[in-house]
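Undergrad: Pasted the sequence and its predicted model underneath.
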Amino acid sequence: MAYVFGDIHGNLQALRTLWNQLQPTHHDEIIFLGDYVDRGNDSKGVIDFLIKVKQDYNARFIMGNHEEMMLDCRYGGDYWSNWMKYGGDQTLKSYGISDTQHQELTLIPESHWKFLNQLLPYIENDLYIFTHACLNMSKPLKQQTSDELRWWPNLSDKEHVSGKKVIFGHMSQRSGKPNYYGQNLCIDTSISGWISCFDTQTKIGHQANQAAEYSSRGCFEHIFK
């Protein structure tokens, strides 16, 4: 199997529920599309969980714009007000940190900073491109900027110049269902309270929420004929 997880945003219970339902094996390919932190109540727990997954499974992790903001704040950047505005305060609370005390970022475990620093800009295989935000479809991957990889606001139905299909997050679907744009699939449904995972082999979307409810949203084979 090949499982692709959309935005998690600190929702540890939803992530645990989804993981327990899917029961990935050590032979499965597992990809996370970024935005692990902010908004939800347990970003610390999510990072702890993902570090364990990284140690024990064939998993790779992409950087989202929320991780970029968090790292920027650690290294003295100017994202602080935006990070607080978009859920960074909830992340800090999960570590027991006041959002007004910048210096207390040192209370975040070094293992967590190491995990964040090792996040990938994108992942590519023979069939798909996996990225946090929707790409600039007219540019090769190696020419994409950080804005295009993590902040790009457009939901494009254009085909990428590589001819590969793009699976991304970032633009949360208010319908609560993964949605496709041309040949490209957005699996960020976090705004609806559900987090999503897409199986690239079966074309099935799976979801769970903080109430530990699980749902399989049906087949998406028509996207990838």
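TA: Done, it's in.
Undergrad: Please name every helix or strand in contact with the longest helix along the chain.
TA: Longest helix of the chain, by residue count under DSSP state H: helix 43-56. Judged by 3 or more CB pairs under 8 Å, 6 or more residues apart in numbering; DSSP states H and E, helix 43-56 is in contact with helix 12-22, strand 59-61, helix 89-94, helix 110-117. (Each C-beta comes from the backbone N, C-alpha and C, glycine too.)
Undergrad: Excluding its own residues, what touches the second one? List them.
TA: Looking back up the chat, that one is strand 59-61. 30-32, 34, 36, 50, 53-54, 115, 118-120, 123 (CB atoms under 8 Å, 6 or more residues apart in numbering).
Undergrad: Within the sheet, what are the partner strands of that strand, with directions?
TA: Strand 59-61 pairs in its sheet with strand 29-32 (parallel), by DSSP bridges.
Undergrad: From the centroid of this protein, which residue is nearest?
TA: Residue closest to the mean C-alpha point of the chain, counted by CA atoms, centre = their mean, is Gly34 at 2.6 Å.
Undergrad: Pass me the low-pLDDT residue ranges in the chain, would you?
TA: 99-103, 217-225 (pLDDT under 70).
Undergrad: Going by neighbour count, which residues of stretch 89-96 are buried?
TA: Asp89, Gln90, Thr91, Leu92, Lys93, Ser94 (16 or more other CB atoms under 10 Å).
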